[in-house]
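Colleague: starting from these lines, generate the structure:
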Amino acid sequence: MTDTRQWFWLGAAILLCAFVYLLHPILSPFLVSLLLAYMFDPVVGRLEKLGMSRTWGVVSVFALFILVLMALLLVLIPMLAKQFFRLYELAPQMLDWLQHTAMPWAQHKFGLADGFWKFDKVKAAISEHMGQTTDIVGVVLSQATASGLALIGFAANLLLVPVVSFYLLRDWDLMMAKIRSLLPRDREARIVSLAGECHDVLGAFMRGQLLVMLALGVIYAGGLMLVGLELGLLIGLLAGLAAIVPYMGFVIGIGAAIVAGLFQFGGELYPMIGIVAVFMIGQALEGMVLTPLLVGDRIGLHPVAVIFAILAGGELFGFTGVLLALPVAAVIMVLVRHMHDLYKRSGMYGGQEGPEL
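Modeller: Okay, here's the model as predicted:
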């Protein structure tokens with residue numbers, strides 16, 4: 001009977017992987033909806049405890065989320081559009097600065113050979129591409145026309161996300177109860193315990209780390225804009241997004257900001273000190289305030305595991321794989337930890353009298 005169960009679960013896992021592989025082009029909106037429902041379920045649960053019905057709690061959460069999202073879009077989109085356009089304009093000038101200022105300095109300091117990086121070819125390629133259109137809008141419109149069906153499909157998926165999220169969030173507790181009722185009776189407690197550990201890991205990462213990313217994006221963008229960096233908003237938000245992996249946002253952000261600052265300020269001391277100070281303050285707040293407050297001491301995913309999971313998921317299943325990467329990595333981490341415990345108590349390691357963990 002035990003062998004039959006093992007083969008059953010192995011077959012179910014293989015079927016699930018095949019299902020995801022074959023249908024991953026259409027799974028993205030459903031996975032996004034599932035993640036949104038998972039993240040907002042605790043909020044709806046608190047509203048239920050205050051006496052609000054489940055449906056009205058979901059409606060309230062959705063209304064607040066949409067209002068906040070629309071406000072952010074109305075403010076951020078015009079500002080980001082200006083910065084993208086500014087970056088588009090500055091690209092040839094930045095290449096000139098790299099070719100005639102930065103690289104000669106590096107050659108002199110490090111004894112590099114002349115012409116070790118062919119900037120002329122890079123500039124020619126970018127200039128040729130920029131000369132094909134008069135503005136960024138033309139590039140976007142031409143691409144949209146060439147891939148109209150893909151654009152329509154993207155819009156349809158975008159509209160599908162809130163609909164699916166609403167129904168998933170409204171029926172979340174019912175779905176969890178039905179899934180639990182289908183678990184094998186003799187293994188229910190163990191499976192629920194493992195699911196609880198996976199929930200702790202995912203909750204710490206999906207809710208806590210996303211809030212940390214948002215806070216860091218605001219801190220970096222606001223600080224760089226106060227310093228006067230032209231591309232401060234763009235670089236700050238990029239650093240916040242890259243903070244999904246600890247320390248990566250800091251490394252990417254401060255590197256891009258220093259390069260942009262050297263180009264804009266010409267190496268002036270005080271603006272460069274200000275740029276470095278923004279990232280040092282952000283890093284200090286992340287370590288001493290944001291992570292302890294928003295993530296706490298719950299077990300998170302190791303940075304290497306995060307990088308590998310995202311790259312592997314994207315390589316195997318595209319965008320769907322990226323969405324699945326972190327939940328699957330969290331489950332695997334919990335299972336590996338329990339396999340480690342079982343191994344320490346097994347005859348292979350030293351029998352039942354082995355050291356306790």
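Colleague: roughly how far apart are A309 and V328?
Modeller: In this view, A309 and V328 are 7 Å apart by C-beta to C-beta, to the nearest Å. For every residue, glycine as well, the C-beta is placed using N, CA and C.
Colleague: who has more neighbours, the two?
Modeller: A309 (22 against 15; other C-beta atoms under 10 Å).
Colleague: tell me how far the closest residue to L323 other than its chain neighbours lies from V245.
Modeller: Distances taken as C-beta to C-beta, 6 or more residues apart in numbering place L31 nearest to L323, at 4.3 Å, with adjacent residues excluded. L31 sits at a distance of 20 Å from V245 (criterion: C-beta to C-beta).
Colleague: same check, this time on L216
Modeller: Remark: distance between L216 and V245 (C-beta to C-beta) = 12 Å.
Colleague: more neighbours: which of these two?
Modeller: Remark: of L216 and V245, L216 carries more neighbours, 26 against 18, as counted by other C-beta under 10 Å.
Colleague: which stretches in this protein count as helices?
Modeller: Ranges of helices in the chain, per DSSP state H, are 2-49, 54-97, 103-110, 119-130, 136-146, 148-170, 172-181, 188-202, 210-227, 232-242, 248-265, 269-285, 303-317, 319-344.
Colleague: got the angle between the last one and helix 2-49?
Modeller: If I follow you right, that is helix 319-344. Counting by axes from the mean of the first three to the mean of the last three C-alpha atoms, to 10 degrees, helix 319-344 lies at 120 degrees to helix 2-49.
Colleague: buried set for helix 319-344?
Modeller: By 16 or more other C-beta atoms under 10 Å, the buried positions in helix 319-344 come out as 320-327, 329-331, 333-334.
Colleague: what's it packed up against?
Modeller: helix 2-49, helix 188-202, helix 303-317 (3 or more C-beta pairs under 8 Å, 6 or more residues apart in numbering; DSSP states H and E).
Colleague: let's see stretch 248-257 as CSV, backbone CA atoms only.
Modeller: Taking C-alpha atoms only, stretch 248-257 is exported to CSV below (Å, rounded to 0.1, in the frame of the first residue of the first chain):
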residue,chain,number,x,y,z
MET,A,248,21.6,43.2,-5.1
GLY,A,249,19.5,46.4,-5.1
PHE,A,250,22.2,48.2,-3.2
VAL,A,251,24.9,47.0,-5.6
ILE,A,252,23.0,47.8,-8.8
GLY,A,253,21.6,51.0,-7.5
ILE,A,254,24.8,52.6,-6.1
GLY,A,255,26.7,51.5,-9.2
ALA,A,256,24.2,53.0,-11.7
ALA,A,257,23.9,56.1,-9.5
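Colleague: which residues outside it are in contact with it?
Modeller: By C-beta atoms under 8 Å, 6 or more residues apart in numbering, the residues outside stretch 248-257 that reach it are 213, 216, 220, 224, 229, 232, 235-236, 238-243, 275-276, 278-279, 282-283, 303.
Colleague: and if we set it to 7 Å?
Modeller: Here stretch 248-257 makes contact (C-beta atoms under 7 Å, 6 or more residues apart in numbering) with 216, 220, 224, 229, 235-236, 238-240, 242-243, 275-276, 279, 283.
Colleague: out of those residues, which end up buried?
Modeller: If we count by 16+ other C-beta under 10 Å, the contacts of stretch 248-257 have these buried: 216, 220, 224, 229, 235-236, 238-240, 242-243, 275, 279, 283.
Colleague: now for those: which two are most distant?
Modeller: Farthest pair in the buried ones among the contacts of stretch 248-257 (C-beta to C-beta) is L229 and A243. Separation: 18.5 Å.
Colleague: list the residues that contact the most centrally placed residue in the chain.
Modeller: Centroid-nearest residue in the chain, with C-alpha atoms, centre = their mean: I244, separated by 5.1 Å. Residues in contact with I244 (C-beta under 7 Å, 6+ apart) are Q209, M213, V306.
Colleague: turn those into CSV, including neighbour count.
Modeller: Output for these, formatted as CSV (neighbours: other C-beta atoms under 10 Å):
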residue, neighbour count
Q209, 22
M213, 21
V306, 20
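Colleague: G267: which of those residues is nearest?
Modeller: M213 (30.8 Å).
Colleague: quick one: which of the helices of the chain is nearest L294?
Modeller: Across the helices of the chain, L294 has its closest neighbour in helix 210-227 (4.6 Å, C-beta to C-beta).
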